[in-house]
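**Q** sequence unknown, structure follows:
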């Protein structure tokens with residue numbers, strides 16, 4: 001009996017010592033998630049391998065660029081600002097792509113008996129596994145290398161590089177944990193759908209900034225911004241290396257301590273968010289059942305019912321406007337079109353290379369929203385089809401949808417044209433700009449109504465960024481590019497009149513393009529709806545089959 005007790009007592013510590021730590025478990029879990037994700041499809045594996053190759057090449061190019069910057073007067077400015085941009089990317093990207101990493105959602109761990117402090121430590125170490133942290137490490141190393149001069153700067157760089165990577169990862173995780181319930185909700189999915197818009201806006205800003213910086217002395221404009229970012233973690237760590245190289249040891253120490261304090265604050269915030277996720281109920285369902293019926297009864301149809309016309313026209317317009325606000329993909333298309341339609345004309349105008357005709361870009365982007373009108377209904381189009389028994393019904397349906405679009409697109413196209421004219425400073429071009437914009441908008445709505453009837457396709461609602469169902473890509477290309485080519489041809493009379501008035505030096509008559517373009521655009525919309533109505537009424541089964549594939 002004593003032998004058994006001794007044996008049991010001897011084996012208990014051995015068994016407890018063989019239990020792996022929580023950190024190693026999470027690291028293995030991260031590697032398993034990555035490995036199993038790559039096994040799902042060969043395409044995903046190929047994309048991941050290509051991303052690794054491009055990431056390595058990009059990191060090597062950045063390090064080489066930083067090496068070439070050594071000794072340059074602008075090295076510190078560029079290193080600090082690029083570090084700040086990298087940190088901003090770490091903060092923003094998880095908010096737009098919450099599903100890109102399964103470990104970003106700590107709410108999946110709420111049922112496990114885990115303490116917050118070991119959990120934060122394990123998640124933090126697991127977060128360092130991946131392409132992003134390694135790429136950030138190379139960028140931080142290159143940035144520190146470009147401003148390292150002397151033994152003191154080398155010592156500072158030894159602390160600055162890991163601090164930079166740690167702050168970036170902690171910032172990303174803390175923000176994701178604090179907003180995880182928003183990101184996993186419907187509003188969060190809407191936010192993720194807008195990531196393409198942010199990229200488009202960012203590309204325009206980068207393009208505009210690059211053109212400004214390419215001018216002689218352009219980098220001098222960045223020095224005030226660098227002076228501010230130099231004290232913001234984690235860029236402050238790179239600034240500490242530069243300060244140490246210049247002999248300003250107090251400033252270097254202050255920047256390193258500031259970065260370390262920011263890391264501690266982010267980890268504490270992260271831990272507090274985890275505690276709140278694990279002990280507090282999800283507020284999105286609290287009170288969902290109480291008072292819901294009363295709110296539904298009192299809501300009625302609201303403001304739209306009071307301003308829209310009665311009958312079928314008002315009902316269809318209200319449905320279309322609610323699609324714009326509530327459907328994630330329809331909302332993303334609208335926001336993208338509105339933003340890009342404003343950015344492109346203004347960016348060209350601010351650069352000094354624009355003209356009033358760039359304002360027509362907004363009409364083109366907004367007019368594309370008329371295309372594939374029935375695709376946004378998906379399989380629910382059968383309810384619409386039940387009400388389309390005659391060509392007159394189809395005409396009323398299409399007309400109401402066009403009016404709903406015009407309710408937003410017409411004033412917005414006017415706003416973009418007026419704003420572009422104000423930036424250019426030539427108000428004499430406003431009438432012809434508005435006339436061309438209205439004519440093009442009418443042409444886009446007309447062709448959009450026709451191609452909606454002839455080339456409908458389904459828009460998947462649960463497939464992330466895919467806006468076309470498999471096998472219907474050709475229909476989408478025909479619909480979009482066919483309409484985009486036909487719309488300028490339909491506007492040929494207005495375009496020709498504009499060219500003739502300019503070539504004949506009859507600038508005093510250019511104001512006639514405003515009423516002429518407006519009237520011509522309205523006629524095009526009427527003609528397009530008339531042409532699309534009989535085709536819609538006769539192709540209801542084909543349209544329903546096409547839009548139901550998603």
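**A** Okay, I see it. Model, not experiment: these values are computed from the prediction.
**Q** those helices in the stretch 301-450 of the chain, which residues are they?
**A** Assigned helices in the stretch 301-450 of the chain, in chain order: 302-307, 311-326, 328-350, 360-367, 381-385, 391-424, 430-454 (criterion: DSSP state H, counting those that start in this stretch).
**Q** What average pLDDT does the second one get?
**A** To tie it back to what came earlier, the one meant is helix 311-326. Helix 311-326 carries an average pLDDT of 82.
**Q** Same list, the helices of the stretch 301-450 of the chain, but as TSV with distance to residue 52 please.
**A** Bear in mind the C-beta positions are built from the backbone N, C-alpha and C, glycine included. Formatted as TSV, these follow (distance: least, C-beta to C-beta, whole Å):
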stretch	distance to residue 52
helix 302-307	50
helix 311-326	39
helix 328-350	29
helix 360-367	35
helix 381-385	43
helix 391-424	42
helix 430-454	41
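**Q** right, and these - which one's nearest residue 241?
**A** Set against residue 241 and scored by C-beta to C-beta, these come closest in helix 328-350, at 35.6 Å.
**Q** Pull out the buried residues from that closest one.
**A** Using 16 or more other C-beta atoms under 10 Å as the test for burial, helix 328-350 gives 328-349.
**Q** which helices and strands does that helix pack with?
**A** helix 186-193, helix 195-213, helix 311-326, helix 360-367, helix 391-424 (3 or more C-beta pairs under 8 Å, 6 or more residues apart in numbering; DSSP states H and E).
**Q** Could you list the domains of the protein?
**A** 22-279, 307-547 (automatic domain parsing).
**Q** Packed most tightly, which of those domains would that be?
**A** Burial of the domains of the chain is given as mean neighbour count (mean count of other C-beta atoms under 10 Å); domain 307-547 ranks first at a mean of 19.
**Q** end to end, how far does it reach?
**A** 31 Å (C-alpha to C-alpha, to the nearest Å).
**Q** Tell me how far it lies from the chain's centre.
**A** The chain centroid and the centroid of domain 307-547 are separated by 23 Å under C-alpha atoms, centre = their mean, to the nearest Å.
**Q** Then stretch 231-241?
**A** So, by C-alpha atoms, centre = their mean, the centroid of stretch 231-241 is 28 Å from its chain's centroid.
**Q** which residues are in contact with it?
**A** When contacts are defined by C-beta atoms under 8 Å, 6 or more residues apart in numbering, stretch 231-241 is touched by residues 76, 79-81, 83-84, 87, 140, 143-144, 147-148, 153, 156-157, 159-161, 163-164, 167-168, 229-230, 251-256, 258-259, 261-263.
**Q** Compare the mean pLDDT across the domains of the chain and name the weakest.
**A** domain 22-279 (a mean of 79).
**Q** so who does residue 498 touch?
**A** For residue 498, the contacting residues are 432, 435-436, 510, 513, by C-beta under 8 Å, 6+ apart.
**Q** now the residues you listed in TSV, with distance to residue 368?
**A** Output for the contacts of residue 498, formatted as TSV (distance: C-beta to C-beta, whole Å):
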residue	distance to residue 368
432	23
435	21
436	17
510	28
513	23
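**Q** ok, those residues vs residue 276, which is closest?
**A** residue 436 (55.0 Å).
**Q** thought that closest one was touching residue 516?
**A** No. Judged on C-beta atoms under 8 Å, residue 436 makes no contact with residue 516 at a distance of 10.1 Å.
**Q** what sits in contact with each of those two?
**A** residue 494.
**Q** How about the secondary structure of residue 28?
**A** helix (DSSP: H, G, I helix; E, B strand; the rest coil).
**Q** show me what contacts residue 226?
**A** Counting by C-beta under 8 Å, 6+ apart, residue 226 has contacts 76-77, 80-81.
**Q** now, the most widely separated pair of the contacts of residue 498?
**A** 436 and 510 (10.7 Å).
**Q** Was I right to think residue 330 contacts residue 321?
**A** No. Using C-beta under 8 Å, residue 330 is not in contact with residue 321; the gap is 10.3 Å.
**Q** Apart from its chain neighbours, what residue comes closest to residue 140?
**A** Leaving aside its sequence neighbours, residue 140 sits nearest to residue 164 (C-beta to C-beta, 6 or more residues apart in numbering; 4.1 Å).
**Q** likewise residue 309?
**A** Here the residue nearest residue 309, using C-beta to C-beta, 6+ apart, is residue 317, at 7.7 Å.
**Q** Roughly how far does that neighbour sit from residue 365?
**A** 21 Å (C-beta to C-beta, to the nearest Å).
**Q** What ranges does the stretch 1-150 of the chain have for its helices?
**A** For the stretch 1-150 of the chain, the helices defined by DSSP H, counting those that start in this stretch occupy 2-17, 22-39, 42-69, 75-96, 116-127, 131-146.
**Q** Arrange these in a markdown table, one row each, with distance to residue 222 as further columns.
**A** Below are the helices of the stretch 1-150 of the chain laid out as a markdown table (distance: least, C-beta to C-beta, whole Å):
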| stretch | distance to residue 222 |
| --- | --- |
| helix 2-17 | 55 |
| helix 22-39 | 37 |
| helix 42-69 | 14 |
| helix 75-96 | 5 |
| helix 116-127 | 31 |
| helix 131-146 | 15 |
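**Q** Quick one, which of those helices gets closest to residue 383.
**A** helix 75-96 (33.7 Å).
**Q** Packing partners of that closest one?
**A** Using 3+ C-beta pairs under 8 Å, 6+ apart, helix 75-96 sits against helix 42-69, helix 131-146, helix 151-178, helix 186-193, helix 195-213, helix 223-229, helix 235-245.
**Q** mind putting these in TSV, distance to residue 372 included?
**A** As requested, the helices and strands packed on helix 75-96 are exported to TSV (distance: least, C-beta to C-beta, whole Å):
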stretch	distance to residue 372
helix 42-69	26
helix 131-146	36
helix 151-178	35
helix 186-193	17
helix 195-213	18
helix 223-229	43
helix 235-245	45
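**Q** SS state for residue 530?
**A** Applying three-state DSSP: residue 530 is helix.
**Q** contacting residues around it?
**A** Contacts of residue 530 (C-beta under 8 Å, 6+ apart): residue 395.
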